[in-house]
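J.: Need coordinates for the below:
(2 chains)
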Amino acid sequence: MSRIAARFEALKARGRKALIPYITAGDPEPGNTVPLMHEMVAAGADIIELGVPFSDPMADGPVIQQACERALKHRVSLRKVLEMVREFRRDNIETPVVLMGYLNPVEIMGYETLADEAARAGVDGVLTVDLPPEESAELAGALKRHGVDPIFLLAPTSHEARIRGVSEVAAGFVYYVSLKGVTGAATLDVEAVAQKLALIRRQTDLPVGVGFGISDAEAAAKVSRIADAVVVGSALVKRIAAHADDPAAGRREVAQVLAGMRRAMDQATTATPA
Amino acid sequence: MSTVIKPEQTPDWRAFPDARGHFGPYGGRFVSETLMEPLLELQEAYQRYLQDPQFLAELDQDLAHYVGRPSPLYLAERLTRELGGAKVYLKREDLNHTGAHKVNNTIGQALLAKRMGKTRIIAETGAGQHGVATATVAARLGLECVVYMGAEDIQRQAPNVYRMRLLGARVVPVTSGSRTLKDALNEAMRDWVTHVDNTFYIIGTVAGPHPYPAMVRDFQAIIGREAREQYQAAEGRLPDALVACVGGGSNAIGLFHPFLADEGVVMYGVEAAGDGIDTGRHSAPLCAGRPGVLHGNRTYLMEDEDGQIIETHSVSAGLDYPGVGPEHAWLKDVGRVRYVPITDREAMDAFHRLTRTEGIIPALESSHAVAYGLKLAPTLEPEQGIIINLSGRGDKDINTVARLEGIEL
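T.: Next up is the predicted model:
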């Protein structure tokens, strides 16, 4: 069983939902990333989504765009991100790590090389935002051969046939983008998300994570009642940005935000639903 | 990365792309999931209306009476005499309403937007020509219009910014990344994904996810269809060569496409070599880049060894783009079109030469094509002939040219 599947099973057994923080690797500088990953795990993260910086992050709002720019000042490449995962794995072999980024850095490295090196570094899943299932056969195949889960997005615009198509190639979990927009956009509509999740669950047995627009503990708690995982990104990256000149302070704030979300989610999922 | 090129057969290059938008290994649809359904909808609508006699009649009507088509195919006699080689014909897209070929496409896409029930139009622009052409058709159809433009380009193309505002468009400066055309495209995509229900994104070039490269080409192919007929009427034969500048490549593909099956017609796509290919300061992905994925399609890109897109340079804002339409990438690989570099300096010289010799001020983009034509014509015989696509007029560039020559206006 993959590390991601094992993590979701263990959480299910304890009646808990997964908390998945996203950070951009190398933000604000490369030395910050591995300590931050460990601190996020200590604060209650179940899976870590590690953003691979890209010069043209089309699906991201200004918060993550700027995180990419900070990381790229230090030339943080896909290879460097893999090194960070290797370093993280020296002290943590349980927490799944998912790389999230855009296709072009993967194209340059080559699908087979990336799949092989990711597996050896201890990466558990790869999500390439601009690779829809229609174009994914080759990369998804390479990843699966190396035991790495290809993670795919679903969106409010995805109709039933597309949801089915995505669930056929996806592994690990599917990531539902809760709103039409870029990362860090307005707050999500929980009611609408719940309706869509019901539709998605008819098409797939994979766990469903929800992200985009979850900015505080209250939103995380609400989403945890209906989803298997809560993904939070821009709300954390904002804290890192605010303390770009004092990364340790940024890490402390990120851990605080996550711990608050963890508490709120656990209360929401163990309390009797209203 | 799957199609194998079989050199022993010559396929009809006009038959591409395939159903998924692939030109060989290039093109495709590389966007986030949210945009997939809207792209499929657009493809369906575009295929339906391209068969719809009423839609086509309305398009023809607008092209004739609003754009002013057909544009002339003009024999540049004095230039031809001076060069002492092939006859030089200019396809006068600069005489279109709004002063460039861009309007051929915006008219088509705006009619499509109207039929799809969209009330809001967005666009990206580099030199401002596509932005002006979009703002123009939006004004005429009474649609809300937002144009994304790099903050850098807003500086160097101030007259076009004002024109767009006069036409009622909101021009949004883009300050991320290199603050030029590629960043404007990123920002327009972000707008589209956010307002996808009521918004139609009019992409200005033959790039982006399928169906844009094919759709924009089909709207621009009127250039080549007219030129082919006009040349045959004038000379009783087909031209020996075609020359057009390539940024994203919409004017070039528009001229080339109807000639692709005419094996005797040699085609040259002219890329912006900026300060020179060897300086690295250029915008010539086909001459000096490599394949990758950006802005929804696989194509040649200017990128570093990590796959990050690098900054480009050209004196011409309209060519200052790190990618190129996927059909051009394919036509390069199969050898049907030759892609050649022209430097800023060569383009500037050609700008002056055409202005002084023929009384036609070309856009700096088109000046790249003219510059290559100046090199090519003398190598051919007087009974031969070439067509240079004069994709736009140079009025918008006079401030840039004056500044480069130290003249204060």
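
J.: could you show me where the helices are in the stretch 1-150 of chain A, in order?
T.: Along the stretch 1-150 of chain A, counting by DSSP state H, counting those that start in this stretch, helices occupy A:3-13, A:33-42, A:62-73, A:78-89, A:103-109, A:111-121, A:137-145.

J.: Would you mind finding the most buried of those helices?
T.: Among those, ranked by average contacts under mean count of other C-beta atoms under 10 Å in any protein chain shown, first place goes to helix A:103-109 (a mean of 23). The C-beta positions use only the backbone N, C-alpha and C, and glycine is treated the same way.

J.: contact partners of stretch A:210-221?
T.: The contact list for stretch A:210-221 (C-beta atoms under 8 Å, 6 or more residues apart in numbering or on different chains) reads A:19-20, A:22, A:175-179, A:181-188, A:190, A:193, A:197, A:223, A:226-227, A:229-235, A:257, A:260-261, A:263-265, A:267-268.

J.: what comes up buried for it?
T.: By 16 or more other C-beta atoms under 10 Å in any protein chain shown, the buried positions in stretch A:210-221 come out as A:210, A:211, A:212, A:213, A:214, A:215, A:217, A:219, A:220, A:221.

J.: I'd like to know which of the residues you listed is nearest to chain B.
T.: Minimum distance to chain B across the buried residues of stretch A:210-221 is 9.3 Å, recorded for residue A:212 (C-beta to the nearest C-beta).

J.: Next, count neighbours for residue B:142.
T.: Per other C-beta atoms under 10 Å in any protein chain shown, the neighbour tally for residue B:142 reads 9.

J.: Kindly list the longest strand within the chain.
T.: Just going to use chain A. strand A:18-24 (DSSP state E).

J.: actually it's chain B I care about, not the one you picked
T.: Counting by DSSP E, the longest strand found in chain B is strand B:266-274.

J.: ok, stretch A:141-155 near chain B or not?
T.: Yes: residues of stretch A:141-155 contacting chain B under C-beta under 8 Å from any C-beta of the partner chain: A:152, A:153, A:154, A:155.

J.: re the thing from before, could you redo the helices of the stretch 1-150 of chain A as a markdown table and give each row mean pLDDT?
T.: Shown next, in a markdown table, are the helices of the stretch 1-150 of chain A (pLDDT from 0 to 100):
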| stretch | mean pLDDT |
| --- | --- |
| helix A:3-13 | 96 |
| helix A:33-42 | 98 |
| helix A:62-73 | 96 |
| helix A:78-89 | 98 |
| helix A:103-109 | 97 |
| helix A:111-121 | 98 |
| helix A:137-145 | 97 |
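
J.: any idea which helix or strand comes after the longest strand of chain B?
T.: Next helix or strand after strand B:266-274 toward the C-terminus (DSSP states H and E): helix B:285-288.

J.: How about residues contacting that next one?
T.: Helix B:285-288 has contacts (C-beta under 8 Å, 6+ apart) with B:246, B:269, B:271, B:273, B:277, B:282, B:299-302, B:322-324, B:328-329, B:332, B:339-341.

J.: Keeping just the C-alphas, turn it into PDB.
T.: Output of helix B:285-288 as PDB, limited to C-alpha atoms (Å, rounded to 0.1, in the frame of the first residue of the first chain):
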ATOM      1  CA  PRO B 285      12.400  30.100 -29.700                       C
ATOM      2  CA  LEU B 286      12.300  28.300 -33.000                       C
ATOM      3  CA  CYS B 287      15.800  29.300 -33.900                       C
ATOM      4  CA  ALA B 288      17.400  28.900 -30.500                       C
END
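
J.: residues near the closest residue in space to residue B:397 that isn't next to it in sequence, how many?
T.: In space, and not counting its chain neighbours, residue B:397 is closest to residue B:364: 4.7 Å by C-beta to C-beta, 6 or more residues apart in numbering or on different chains. When neighbours are counted by other C-beta under 10 Å, residue B:364 registers 27.

J.: Return the list of helices and strands in contact with the helix or strand of chain B with the lowest mean pLDDT.
T.: Lowest mean confidence among the helices and strands of chain B (mean pLDDT, DSSP states H and E): helix B:151-156, at a mean of 87. For helix B:151-156, the packing partners by 3 or more C-beta pairs under 8 Å, 6 or more residues apart in numbering or on different chains; DSSP states H and E come out as strand B:170-174.

J.: Close to chain A: what parts of the stretch 301-409 of chain B are there?
T.: By C-beta under 8 Å from any C-beta, the part of the stretch 301-409 of chain B that sits against chain A consists of B:301, B:303, B:305, B:306, B:307, B:308, B:309, B:310.

J.: Which among the residues you listed count as buried?
T.: By neighbour count, with 16+ other C-beta under 10 Å, those hold B:301, B:303, B:306, B:307, B:308, B:309 as buried.

J.: Isn't the second one up against residue B:312?
T.: Going back to what we said before, that points to residue B:303. No: shown here, residue B:303 and residue B:312 do not form a contact pair, counting by C-beta atoms under 8 Å, at 10.7 Å.

J.: hang on, the earlier thing: make CSV from the residues of the stretch 301-409 of chain B next to chain A and add secondary structure and pLDDT to it.
T.: Formatted as CSV, these follow (DSSP: H, G, I helix; E, B strand; the rest coil; pLDDT from 0 to 100):
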residue, secondary structure, pLDDT
B:301, strand, 98
B:303, strand, 97
B:305, coil, 97
B:306, coil, 97
B:307, coil, 98
B:308, coil, 97
B:309, strand, 96
B:310, coil, 94
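
J.: Between those, which sits nearest residue B:139?
T.: For those, the residue nearest residue B:139 by C-beta to C-beta is residue B:309; the value is 33.2 Å.

J.: Bridged to that closest one, which residues?
T.: Beta-bridge pairing for residue B:309 (DSSP bridges): residue B:303.

J.: what's it in contact with, if anything?
T.: Per C-beta under 8 Å, 6+ apart, neighbours of residue B:309: A:55, A:56, A:104, B:182, B:294, B:301, B:302, B:303, B:322.

J.: Could you dump the buried residues of stretch A:210-221 into a markdown table with pLDDT, distance to residue B:360 and secondary structure added?
T.: What follows is these, written out as a markdown table (pLDDT from 0 to 100; distance: C-beta to C-beta, whole Å; DSSP: H, G, I helix; E, B strand; the rest coil):
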| residue | pLDDT | distance to residue B:360 | secondary structure |
| --- | --- | --- | --- |
| A:210 | 97 | 58 | strand |
| A:211 | 93 | 55 | strand |
| A:212 | 89 | 51 | coil |
| A:213 | 88 | 53 | coil |
| A:214 | 92 | 58 | coil |
| A:215 | 91 | 56 | coil |
| A:217 | 96 | 66 | helix |
| A:219 | 94 | 60 | helix |
| A:220 | 96 | 63 | helix |
| A:221 | 96 | 67 | helix |
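
J.: what's around residue B:344, how many residues?
T.: Using other C-beta under 10 Å, residue B:344 is surrounded by 22 other residues.

J.: dump the residue contacts of it.
T.: Contact analysis of residue B:344 by C-beta under 8 Å, 6+ apart lists B:272, B:273, B:274, B:275, B:314, B:315.
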